[in-house]
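>>> Just to be clear, the model below is a prediction. Sequence and coordinates:
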Amino acid sequence: MAAAQDMMTATVGEALSGEEAVELAKRHLVQPWPTAGEIGAEARSLIGEGEGIYITDGSGKKLIDGPAGMWCTNVGHRREELARVMYDQAMQLSYNTPWYTMNEASAVLAERIAGHAPGDLSHVFFTTGGSSAVESALRFMQFYNNVRGRTEKKLILSRGGAYHGSTYLSASLNGRPRDRDWMDGADDLVVKLSSPDPFRRPAGMSIAAFTDSLVAEFEETVKRIGADKIGAFVGEPVQASGGVIVPPENYLPRIRKICRDNDILYVSDEVVTAFGRLGHVFASEDVFGIDPDIITFAKGVTSGYFPLGGMIVSERLLQELRRSNHPSAMYAHGLTYSSHPVGCAVALKNLDLLEGGILAHARAVAPYFQAQLKTLEELPLVGEVRGVGLMACVECVADRDSKNPLELDRNVGMRIDAHCHELGLLVRPLINMCVMSPPLTITKEQIDDMVGILREGISRTMEDLR
Ligand code: PLP
């Protein structure tokens with residue numbers, strides 16, 4: 001407490017200046033993903049307010065929320081109807097234990113979600129976010145195979161470029177550069193495959209040949225390790241935090257078939273892609289033509305207004321468990337905040353908004369969003385602009401012909417972010433990439449503003465690097 005002695009005691013709502021709030025955070029807040037040199041001492045931009053697609057920083061500057069928080073504020077900021085429903089639900093029932101009671105909002109929400117899910121996905125287990133959703137799916141796979149007597153069938157297939165969370169097992173699946181350099185993981189449980197990244201495919205290889213090579217790698221891995229040892233494949237339909245990697249056409253259905261043929265559960269991690277990011281409630285079937293065994297979701301389910309996630313499980317798997325020789329075996333897994341009534345109530349209202357026009361708007365505006373961003377490929381620093389729906393990534397390179405990556409210490413993503421911030425746009429820098437995934441309510445005029453600022457931010461960065 002020594003460091004706190006000379007600090008004021010602040011309460012929320014008290015008028016602190018932006019600098020004072022940042023100073024408190026530096027003294028007392030451990031923020032996500034710090035470096036060892038900055039842990040517990042870091043200054044980050046203070047965001048004070050949000051409205052629609054905009055947020056306001058600590059100095060009062062209005063910014064377009066380019067990444068929609070963390071791909072989550074899908075219906076935009078300051079939606080009174082969402083705030084109201086949270087208030088009403090908290091006044092009616094703020095919490096009930098999901099251990100031996102249930103609440104109405106969670107049952108209604110589960111039914112609505114199952115109605116949108118592909119195939120026979122019929123039941124929802126609610127969690128507190130994406131990592132706990134992935135963790136729940138993996139523990140479900142372990143339980144499912146234990147009950148079936150396939151106690152050796154536990155390995156998990158994941159891919160380079162993947163991001164699945166920050167709990168121990170979900171983080172063990174992550175495959176982006178630097179995610180695991182200083183962090184341990186359950187490496188004995190995970191087998192990594194290549195990222196389906198068409199931009200980084202071997203030089204001279206066609207997309208069709210690249211797809212075949214990915215499928216062959218998957219098949220060979222299953223053969224080499226043995227299907228009796230592999231419990232699940234976990235994959236994002238579009239690798240989001242890996243840099244919006246849109247897989248080649250027909251790759252996912254081919255992987256889905258191999259999983260089905262080998263009794264490997266296909267877990268589609270839709271933490272980013274669900275609830276409107278690609279214009280549909282779920283993208284697995286509507287965009288990519290696959291019907292997974294489990295879908296995980298979070299983020300957009302409440303548009304970030306409340307921490308909620310979940311997994312949707314296939315009826316077939318549940319029936320197998322119910323009819324097993326071990327009907328009293330316990331899926332010893334539950335969270336204090338599973339099926340939280342306030343989270344489920346706000347998710348229901350959020351779904352009303354999405355179905356009431358925002359999904360259709362996202363589908364209508366997405367081609368314009370992609371086309372306008374694509375024009376940034378004119379800039380010499382930009383190697384590729386790629387994306388689908390309302391998610392896109394601008395990848396910068398040292399040299400466009402060789403696609404050689406820029407050296408990390410050039411901090412290109414951070415530089416673009418800093419310039420864009422000055423110009424009125426928040427971007428999400430990822431090493432040499434910038435990810436754009438604004439609230440789904442963005443209009444064509446606002447897309448023009450966003451792309452104009454990004455163009456200027458990249459041009460200024462090119463000047464810096466000269
Ligand atoms: N899965 C995917 C695809 C994600 O992008 C993320 C977070 O960005 C997660 C899981 C983890 O979600 P959370 O941060 O809510 O735990």
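Thanks, I have it.
>>> how about the residue of the stretch 301-450 of the chain found nearest the ligand, phi and psi?
Residue nearest to the ligand within the stretch 301-450 of the chain (Cβ to the nearest ligand atom): G309, separated by 5.9 Å. Bear in mind the C-beta positions are built from the backbone N, C-alpha and C, glycine included. Note on G309: backbone dihedrals following degrees, to the nearest 10 are phi -150, psi -170.
>>> so how far is I431 from the residue lying closest to it once chain neighbours are set aside?
Distance criterion Cβ to Cβ, 6 or more residues apart in numbering; nearest residue to G309, sequence neighbours excluded, is A298 at 3.1 Å. Relative to I431, A298 is positioned 24 Å away (Cβ to Cβ, to the nearest Å).
>>> quick one, which of these two is more surrounded?
A298 (31 against 19; other Cβ atoms under 10 Å).
>>> ok, now which ones touch that one?
If a contact means Cβ atoms under 8 Å, 6 or more residues apart in numbering, then A298 has 72, 127, 129-130, 133, 271, 308-310 as its contacts.
>>> and if we set it to 7 Å?
129-130, 133, 271, 308-309 (Cβ atoms under 7 Å, 6 or more residues apart in numbering).
>>> May I see those residues arranged in JSON lines, with secondary structure and pLDDT as well?
Formatted as JSON lines, the contacts of A298 follow (DSSP: H, G, I helix; E, B strand; the rest coil; pLDDT from 0 to 100):
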{"residue": "G129", "secondary structure": "coil", "pLDDT": "98"}
{"residue": "G130", "secondary structure": "helix", "pLDDT": "98"}
{"residue": "A133", "secondary structure": "helix", "pLDDT": "98"}
{"residue": "V271", "secondary structure": "coil", "pLDDT": "98"}
{"residue": "L308", "secondary structure": "coil", "pLDDT": "98"}
{"residue": "G309", "secondary structure": "strand", "pLDDT": "98"}
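>>> right, and the pair among the residues you listed with maximum separation?
V271 and L308 (11.3 Å; Cβ to Cβ).
>>> Would you map the helices across the stretch 351-466 of the chain?
359-374, 412-423, 444-465 (DSSP state H, counting those that start in this stretch).
>>> Just want the phi and psi numbers for the residue of the stretch 201-350 of the chain found nearest the ligand.
Nearest to the ligand in the stretch 201-350 of the chain, going by Cβ to the nearest ligand atom, is V271, at a distance of 3.5 Å. Main-chain torsions, V271, degrees, to the nearest 10: phi -60, psi -40.
>>> For it, which non-adjacent residue is closest in space?
Nearest non-adjacent residue to V271 (Cβ to Cβ, 6+ apart): G130, at 3.7 Å.
>>> The one you found against M311, yeah?
No. G130 is beyond contact range of M311, at 10.2 Å (criterion: Cβ atoms under 7 Å).
>>> give me every residue that touches A110.
123-124.
>>> if we go to 6 Å?
A110 sits next to V124 when contact means Cβ atoms under 6 Å, 6 or more residues apart in numbering.
>>> how far away is it from the ligand?
According to Cβ to the nearest ligand atom, to the nearest Å, A110 stands 19 Å off from the ligand.
>>> By proximity to the ligand, which residue of this protein wins?
For the chain and the ligand, the shortest gap (Cβ to the nearest ligand atom) falls at G130, measuring 2.2 Å.
>>> residue boundaries of the strands in the stretch 301-450 of the chain?
309-314, 382-388, 391-396, 425-426, 428-430, 433-436 (DSSP state E, counting those that start in this stretch).
>>> Could you export these as JSON lines, including mean neighbour count?
Below are those laid out as JSON lines (neighbours: other Cβ atoms under 10 Å):
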{"stretch": "strand 309-314", "mean neighbour count": "27"}
{"stretch": "strand 382-388", "mean neighbour count": "22"}
{"stretch": "strand 391-396", "mean neighbour count": "26"}
{"stretch": "strand 425-426", "mean neighbour count": "22"}
{"stretch": "strand 428-430", "mean neighbour count": "18"}
{"stretch": "strand 433-436", "mean neighbour count": "26"}
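>>> Can you give the contact residues for stretch 438-448?
By Cβ under 6 Å, 6+ apart, the residues outside stretch 438-448 that reach it are 53, 66, 68, 73-74, 76, 276, 358, 362, 368-369, 372, 390.
>>> Over to stretch 190-203?
Counting by Cβ under 6 Å, 6+ apart, 155-161, 172-173, 175, 207, 210, 214, 217, 245, 247-248, 251, 384 sit against stretch 190-203.
>>> same question, stretch 356-363
So stretch 356-363 is in contact with 75, 276, 279, 390, 440, going by Cβ under 6 Å, 6+ apart.
>>> Export it to CSV, keeping only CA atoms.
Only the C-alpha atoms of stretch 356-363 are listed here, as CSV (Å, rounded to 0.1, in the frame of the first residue of the first chain):
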residue,chain,number,x,y,z
GLY,A,356,-34.3,-5.7,-36.4
GLY,A,357,-32.1,-4.2,-39.1
ILE,A,358,-28.5,-4.2,-38.1
LEU,A,359,-27.6,-7.6,-39.6
ALA,A,360,-29.2,-6.5,-42.9
HIS,A,361,-27.3,-3.1,-42.7
ALA,A,362,-24.0,-4.9,-42.1
ARG,A,363,-24.6,-7.1,-45.1
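>>> Tell me the buried residues in it?
358-359, 361-363 (16 or more other Cβ atoms under 10 Å).
>>> what secondary structure does G50 sit in?
Of the three states, G50 takes strand under DSSP: H, G, I helix; E, B strand; the rest coil.
>>> returning to what we had before: let me see the contact set for the residue of the stretch 301-450 of the chain closest to the ligand.
127, 129-130, 133, 298.
>>> 7 Å instead?
127-130, 132-133, 271, 297-298, 301.
>>> got a winner among those for most neighbours?
Result: V301 is most packed of these (other Cβ under 10 Å), 33 neighbours.
>>> Up against the ligand, what does the stretch 51-200 of the chain have?
Taking Cβ under 6 Å from any ligand atom as the criterion, the neighbours of the ligand within the stretch 51-200 of the chain are 70, 129-131, 134, 163-166.
>>> Kind regards, and thank you for your time.
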